[in-house]
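Novice: can you look at this prediction? I've put the sequence above it.
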Amino acid sequence: MATATAVGTGLNLKNFINGESVDAMSGARMEVRDPATGEVVGTVPKAGAEDARKAIDAAEAAFEPWSETTADERGKLLHKAHDVVVAHHEELALLLSREQGKPVGEAKTEIEHFLHGLEFYGALASKVRGDYVPLPNFPNKGAFGMVLKQPIGVCVGISPWNFPITLTGTKIGPALAGGNTIVVKPASSTPMTAIRVVELMNEAGIPKGVLNIVTGPGSTCGEELISNLKVRRVAFTGETKTGRHLMEVAGRDFKRVTLELGGSDPMVVCDDADLDRAATMTSVGRFYNCGQLCISVKRLYVFEAIYDQFIEKVVGKVKKLKVGVGTEKDTRMGPLHNDAQRREIQEQVEDAITRGAKVLAGAKHLTNGFKTTNFYEPTLLENVPHDARVVQEEVFGPALPIFRVKDLDEALRLANSSPYGLGSSIWTRDLAKANKFAKKIQAGICWVNSLHYGYDELPFGGVKGSGIGREHGPEALDSYFEPKSVIYAGMA
């Protein structure tokens, strides 16, 4: 079923609709380029509204038979799909590295996260429970209620370019486990690995029309997916501005919506923390995936008693990071995904410096020896005013502002001043401090002495400008069901 064909040095991939690989109805195509080299990785269809409708219609036709498939059988198919994708792990990781820019090692980890999600929801499919509810005798003596959990119908999953496979999996897994059908739309700049994954999952036996993928601009293809009346559920990961628009459009028809949006995650390092581990995790937590991560460390608050000692450790680690092409073995940080992203980071850093920030590391656009303009040094800044762009905006790249605080109360006050509320972390050996932070921080997720990582076993999402609803965990599966109350009376 694999449809990849050579086109020069790249691959020619197609949409996958109703069990078949198809071109856009217009015949138009889009190039996908390697952020590190500028080379064409391949081409994909430039789907429009008609292509989106075709995929939605296929998903609608497949919904009833798929929803009537037993939960056990759906779980088995997800496990089989897992095994088929595993066999192509190396191929997928290399393709992901080339189209996204991240190091191959990070790409492999992303594929592994996707695979774990398939296993998790495959196992959870048959564990869904309804409920039995005794009812008052008035007006029907002996009446009782049942709560049925029924699949919603046609779903849409829209994923971003920073983690295109992991964040596609958070939508496919619970949707299919719950008996729904789905149309996936990846970001236009990172669609290729997602297409291959959908092809492979269909090879595993997913019935035609159940899992579809279309690639195209958000303004046409994406707009049809979120506005079409046949779609009853939309799950989106991306920037807050786009999420606000999506909610306005989907909300007109009362679609079920989940939005996982931007973040400006604070990390607090207390004076009793394991400083060596916290310093390592500061570097990883900020510069993994070139800092293009919604739950990366974006603001660092350090107790003044250990500030100088700790920052010296962090600076030492960051200056050792090797910036390079993702497919090179010793690369620890790849390029930003595109030039616009690099320019935004550079402007945010320059704004902070203009306002009085001190550069501890980085702050340079890297050009020598690189074929694209997308490379930027891992950057550390201190003495940053809180009205600077790197504090008030989401910083989606390798720049970290650092702040000296006297205690936990000051750290919490500053951490909660952000318009975002996705992730957060605290580093301490004091359980009282950890508990206080967990209760008081305005965020959907809190890590204690841990790296920023989204577990499939726990709900994942944010508050304030970071979105609504939750992905991951049994909670995500619940959001792909409609509860129905059924009252039984006069059955005796």
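Specialist: Looks like it came in fine.

Novice: look up how far Arg470 lies from the residue nearest to Gly75 when sequence neighbours are not counted.
Specialist: Excluding its sequence neighbours, the residue lying closest to Gly75 (C-beta to C-beta, 6 or more residues apart in numbering) is Ala125, at 3.7 Å. Where you see a C-beta, it was placed from the backbone N, CA and C, and this is true even at glycine. Noted for Ala125: a distance of 18 Å to Arg470, by C-beta to C-beta, to the nearest Å.

Novice: those two: which is more packed in?
Specialist: Taking other C-beta atoms under 10 Å, Ala125 and Arg470 do not tie; Ala125 has more neighbours (25 against 20).

Novice: is it true that the more buried one touches Leu77?
Specialist: No - using C-beta atoms under 8 Å, Ala125 is not in contact with Leu77; the gap is 9.1 Å.

Novice: OK, contacts around Leu92?
Specialist: Listed by C-beta atoms under 8 Å, 6 or more residues apart in numbering, the contact set of Leu92 reads 85, 107, 111, 165, 193, 196-197.

Novice: repeat the analysis, applying 6 Å as the threshold.
Specialist: 111, 193 (C-beta atoms under 6 Å, 6 or more residues apart in numbering).

Novice: so what's the residue count around the closest residue to Ser418 other than its chain neighbours?
Specialist: Excluding the flanking residues, the one nearest Ser418 by C-beta to C-beta, 6+ apart is Ser264, at 4.6 Å. Counted with other C-beta under 10 Å, the neighbours of Ser264 add up to 28.

Novice: and the end-to-end length of stretch 78-96?
Specialist: Taking C-alpha to C-alpha, to the nearest Å, stretch 78-96 runs 22 Å from one end to the other.

Novice: what about that stretch, average pLDDT?
Specialist: What stretch 78-96 shows for mean pLDDT is 98.

Novice: report how many residues lie close to Gln346.
Specialist: Around Gln346 there are 18 residues (other C-beta under 10 Å).

Novice: what helix or strand does it sit in?
Specialist: Element membership for Gln346, per DSSP states H and E: helix 339-354.

Novice: buried set for that helix?
Specialist: Neighbour counts over helix 339-354 (16 or more other C-beta atoms under 10 Å) mark 341-342, 344-346, 348-349, 351-352 as buried.

Novice: quick one: Gly469 and Thr258 touch, right?
Specialist: Yes - with contact defined as C-beta atoms under 6 Å, Gly469 reaches Thr258; the gap is 3.5 Å.

Novice: of these two, which one has the most company?
Specialist: Neighbour totals were compared for Gly469 and Thr258, and Thr258 leads with 23 against 19 (other C-beta under 10 Å).

Novice: can you map out the helices along the stretch 151-300 of the chain?
Specialist: Using DSSP state H, counting those that start in this stretch, the helices assigned to the stretch 151-300 of the chain run over residues 166-177, 192-203, 223-227, 240-251, 275-287.

Novice: could you dump the ones you listed to JSON lines with distance to Ser159, mean pLDDT and mean neighbour count?
Specialist: What follows is the helices of the stretch 151-300 of the chain, written out as JSON lines (distance: least, C-beta to C-beta, whole Å; pLDDT from 0 to 100; neighbours: other C-beta atoms under 10 Å):
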{"stretch": "helix 166-177", "distance to Ser159": "4", "mean pLDDT": "98", "mean neighbour count": "28"}
{"stretch": "helix 192-203", "distance to Ser159": "7", "mean pLDDT": "98", "mean neighbour count": "24"}
{"stretch": "helix 223-227", "distance to Ser159": "12", "mean pLDDT": "98", "mean neighbour count": "23"}
{"stretch": "helix 240-251", "distance to Ser159": "12", "mean pLDDT": "96", "mean neighbour count": "17"}
{"stretch": "helix 275-287", "distance to Ser159": "22", "mean pLDDT": "97", "mean neighbour count": "21"}
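
Novice: so can I have JSON lines of the ones you listed showing distance to Ser424?
Specialist: Converted to JSON lines, these look like this (distance: least, C-beta to C-beta, whole Å):
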{"stretch": "helix 166-177", "distance to Ser424": "20"}
{"stretch": "helix 192-203", "distance to Ser424": "29"}
{"stretch": "helix 223-227", "distance to Ser424": "30"}
{"stretch": "helix 240-251", "distance to Ser424": "17"}
{"stretch": "helix 275-287", "distance to Ser424": "11"}
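
Novice: between those helices, which one is closest to Ile56.
Specialist: helix 223-227 (7.1 Å; C-beta to C-beta).

Novice: off-centre distance for that closest one?
Specialist: 20 Å (C-alpha atoms, centre = their mean, to the nearest Å).

Novice: contact partners of that helix?
Specialist: Helix 223-227 is touched from outside by 49, 52, 156, 185, 234, 246, 249-250, with contacts defined as C-beta under 6 Å, 6+ apart.

Novice: tell me the one among these nearest to Phe396.
Specialist: Distances from Phe396 to the contacts of helix 223-227, taken as C-beta to C-beta, are shortest for Leu246 (18.6 Å).

Novice: hmm, the closest one is touching Thr237, no?
Specialist: No - look at Leu246 against Thr237 with C-beta under 6 Å: they stay out of range, at 10.7 Å.
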